Each structure stands twice: as structure tokens, then as C-alpha cells.
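J.: pasting the structure only:
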């Protein structure tokens, strides 16, 4: 999501993306601020890859087992409880559930470690709206539309862009545009508006969220077979301003470049959001200091002691009745065998495949990210528009930063800036290696320099930089994945196993993970004969 820098030479470097990161993070510069460093548990992850676990020493019986405590797994557990079914267990590899929506905190503020907001859901997201109502985020109805708690809606100013040395409201440049820039931006906006309003003969939107509700007209599905960059080329839209904005969008939601994202996914970013809400708040976002960690905590609280962390599922097999799943308890150093009637595998494809003894499909690729939570003594300022919740620079390799205390009544004093970088302009495997090989001091130096390039007024105000590294943050919707690969994988799922993950949609969005969790839970309930009314 987001920096502007000093002179032309550095600005040119930053435009080079991760090649720029390599240059800017050279050792030998001023010592950067200290801080912590974390991420997904690579030791356990590599052990899972290598299969080095002891055999089970005991067995336990549970009717339904959920393996994986990210958004999809928590949503599956929430759906089971909503249907009046309580006899299940959720096991999670990490020490905290939430997946890439986890959060952290320090003495200044809570802050996200990944996903940091939820757009107002579309009308078709019925199950998600049901949950938001249940947990007090939807507080009523007006004129047939939901009313959202205003304290959980993003406060003004929502977004600003550093463009040509000055902050402006919004993320599309408004000044210094050539006639070609203006023409291409206008044509692009008209095309996205047309896609947004289009429906098929059954009334389904062309681009829906969750995507399971999308129209499947042949010309729409054909968009998934070419890249977004190629589709833009076909339209003749070559404006560098438009292309830069499109690149930001693809990196922001997908962690990938427009040339690596299908045209269907690229258009979906711009044409799918039709927030269904009263009082004209449909184009707003729900956000909290800890980001989507607020939502995962509320879901986890509802599941209570049914969640067990530090539990590594390493083998899953069909049994004579139901299935067995072997779990390694990291704290005890021993393994347990669960026997279950239904097993919900709420985990990425490459992990679920290993558990099932299958070869992962190489069509799945995952975007690596670096996230830094930067504690500062004072809020950033800058020429032009006032500080926003989301602050982006037109000339940075990063995606900018969000302000953890933006929702607070008083924004004076220290705050935490959550800074994002999608390592998108090199092959994902190379970017993952860079995440590991580059020293934390060099990463902190890069983060500091990028922030100071955007906000020189923060010089001397940076207290600490806490790093979080995601090697496999999100599945990448590459050409052909959404409407060819993902449907084939969904069709291959057979009881007693049920899959629940945004991988099954191909878009790593909260709404998709929530939908897939609900769908898996309802399928599991049907398989064991537990009555329920669908929320899908």
C-alpha cells in the first residue's frame, strides 16, 4: 500500500522496486533503529516440509476437526457454532490464530501484522453480513440496508498520495497530467464503471465478492486467460500515470505485478466493490488499530477453548469411517492421532497437499511481503493534504503506510505506522530467499530511508522498527488460475475432507476466506447429518 524521496537519483532508484531495495539496503550506513523481527514459524514449516515428526503415542476422537486457524478456519468454526454444533476442535500451527490477519501491540498502540481493513461488504456477502451483525459491527438497518457502527468505519481523511512533492487527497494524481493521461484515466474509469454495473441473465454481477456469486459469461471468463497488462495494451491505454496506479492496485491486493495478474483479477479490483450500506457509507472501510486482527480475535473468542495452538498437522488419511489426522504438539514434543468424521483443512494448498500425501500443483504461487510497524514520537505531516489513514507515494517501491491511531479521538503524540512492501518484481522464490538472507538491520535501514523520503519531518522521531516477514502471504491470481485451476481443485475435494482457504477462490481477501470457511463447515455438517439452514 504505499513514499517519496529526496533527489531525482533516489527517486529513480525507488521506482525500480526490489532492485531498489537491494541498492538502498547496503550495509555501512548509519545504524538504523532497533526492533523485533518475526513471521511465520519457518522452523516448524520446514519440519513439516521434511516430514520429521514422531509417530503418534495416543489417539483422540472428535466428530469434526478443523486444521488451520486463519480466517477460513475461524470462519468454519464460527459457522459450526452458529449451526448449533459445538463438538469440534480447531488446531493451529502458530502460537496465535488469525493467519495473515494477526496483530501485535506495544505501549503506544495495537497494530496489524498483515491485513488491515475490510471494505463494506457487497449485498451478495450474506454470510459475512450475518457475522458482522452478530459481533456488533452492523448495529441496525435503515431503508433496507445495514447500518454500520460509525466508530468502526474509517475516519476522514481515508487516503492521500504524495505526488510531485506534495500530498493530495485520493490515490490518483490530479495535477501535472498530460492530455494522454487524462484521456486514458477517463476511459479506464468508464470501462470499470460498466463492468461494475454489468449483470448476467440471472442477475449475477459480472464481478462479485465472494467471486462464487460472479457471472460466468464466456467473454468475462476469457479475461482470466490473459494478463491485466496485456488487456490494458489491447485498449491502447499506455499512460504512465494510469499504469502506475494499476500497478499499485495489483501489488496492494495481490502482491503481484499487472503482467503476472489475470485481467479478470485486475478488473475485479476496480469493478467488484459495491458496498451495501445505509447513509452513503458503502464506499468506506472498516478498520481498527490492529487491522483485521480485531475480526479474527472476535471469531476466536467465540470458539473459546476449542482452539489449540502450537499443533502441527502433518499427516491426514482416509479411514474406514471418517479420517485420521496426525498432529505434533510442539510444546510437549509428542504426536497425537485424531479420529474424526469430518476434517476441514483450512490451510494453503501447498500445505494441505503434503498432509494428504499429494504433490502440490505448481500452478499455485504465493506472494512474499515485508511489513514493518514503525513506532514514532509524533505523527507525520507534510505539504498539502493532512495526514490520512492510508498514505501512499507515487515514487516509492513500497506501498506506503497506514496510521494505527487514525481512529482515535485524539491523534496527538506517538503513533505506529504500519509500512508495507510487496516483493513483487522478482520471482517469488527469489524474493523469499531475499527476505531470509538480507539482514534485519538492512531491512530496517530500507524502511527508515523510505519513510524519511516520504516524511522528512520524521527525522529523529523514529523509536523502533518491528519487522514481520511473510514468505507465502497470499496466493497470486495468475492468468488461468481463477476460472480454470481453482475450480478443478474445488471439484476434486471429497468427504471426509473439506477444504477451506482463500486459495480455493484465488483471491486472498477476507471475504473469500470467510466464504470458503462457511462453505466447508456447511458441507461438513451435511456429511455428518447435522441440520442447518445455509448462509451461503
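T.: On my side now, so go ahead. This structure is a prediction, so every number in the text was calculated from the model and none was measured.

J.: secondary structure class for residue 296?
T.: Under DSSP: H, G, I helix; E, B strand; the rest coil, residue 296 falls in the helix class.

J.: and it, how far is that from residue 416?
T.: 19 Å (CB to CB, to the nearest Å). For glycine as for every other residue, the C-beta is placed from the backbone atoms N, C-alpha and C.

J.: and for residue 228?
T.: From residue 228 across to residue 416, the span is 33 Å (CB to CB).

J.: next one: residue 172
T.: Distance, residue 172 to residue 416, using CB to CB: 27 Å.

J.: residue 80 now?
T.: 35 Å.

J.: comparing those two, which residue is more hemmed in?
T.: Set residue 80 next to residue 416 and count neighbours by other CB atoms under 10 Å: residue 80 wins out with 30 against 26.

J.: can you verify that one is assigned to a helix?
T.: Yes - assessed with three-state DSSP, residue 80 lies in a helix.

J.: surely it touches residue 64?
T.: Yes - contact criterion CB atoms under 8 Å: residue 80 and residue 64 qualify, at 6.6 Å.

J.: would you map the helices across the stretch 51-200 of the chain?
T.: 71-82, 126-134, 179-197 (DSSP state H, counting those that start in this stretch).

J.: same check, this time on the stretch 251-400 of the chain
T.: Using DSSP H, counting those that start in this stretch, helices in the stretch 251-400 of the chain cover 263-271, 293-303, 349-355.

J.: for residue 493, find the nearest of those.
T.: Set against residue 493 and scored by CB to CB, the helices of the stretch 251-400 of the chain come closest in helix 349-355, at 9.8 Å.

J.: helices or strands next to the closest one in the packing?
T.: Counting contacts by 3 or more CB pairs under 8 Å, 6 or more residues apart in numbering; DSSP states H and E, helix 349-355 is packed against helix 42-50, strand 311-318.

J.: mind listing what's buried along the last one?
T.: Going back to what we said before, that points to strand 311-318. By neighbour count on 16 or more other CB atoms under 10 Å, the buried set for strand 311-318 is 311, 312, 313, 314, 315, 316.

J.: same question, the longest one
T.: Neighbour counts over helix 42-50 (16+ other CB under 10 Å) mark 44, 45, 47, 48 as buried.

J.: which of those sit farthest apart?
T.: Maximum pairwise distance among the buried residues of helix 42-50 (CB to CB): 7.2 Å, between 45 and 47.

J.: where does the stretch 351-500 of the chain have low pLDDT?
T.: 409-410 (pLDDT under 70).

J.: now do the strands in it.
T.: 366-376, 390-393, 401-403, 415-422, 462-475, 497-499 (DSSP state E, counting those that start in this stretch).

J.: of these, which is nearest residue 211?
T.: Closest approach to residue 211 among those (CB to CB): strand 462-475, 12.8 Å.

J.: that closest one vs strand 366-376, what angle?
T.: Orientation check (axes from the mean of the first three to the mean of the last three CA atoms, to 10 degrees): strand 462-475 against strand 366-376 gives 160 degrees.

J.: show me what strand 462-475 is packed up against.
T.: Strand 462-475 packs on strand 37-39, strand 366-376, helix 428-437, helix 440-454, going by 3+ CB pairs under 8 Å, 6+ apart.

J.: partners of it in the sheet?
T.: strand 37-39 (parallel), strand 366-376 (antiparallel) (DSSP bridges).

J.: which of these is buried the deepest?
T.: Mean neighbours per residue, mean count of other CB atoms under 10 Å, is largest over those for strand 366-376, with a mean of 25.

J.: tell me the angle that strand makes with helix 428-437.
T.: In terms of direction (the same axes, to 10 degrees), strand 366-376 departs from helix 428-437 by 30 degrees.

J.: residues in contact with the closest residue to residue 47 other than its chain neighbours?
T.: Spatially, and ignoring its direct neighbours in sequence, residue 47 is nearest to residue 53 (7.0 Å; CB to CB, 6 or more residues apart in numbering). Neighbouring residues of residue 53 by CB atoms under 8 Å, 6 or more residues apart in numbering: 47, 312, 314, 315, 326, 328, 335.

J.: try it again with 10 Å
T.: Residues in contact with residue 53, defined by CB atoms under 10 Å, 6 or more residues apart in numbering, are 47, 312, 313, 314, 315, 326, 327, 328, 334, 335.
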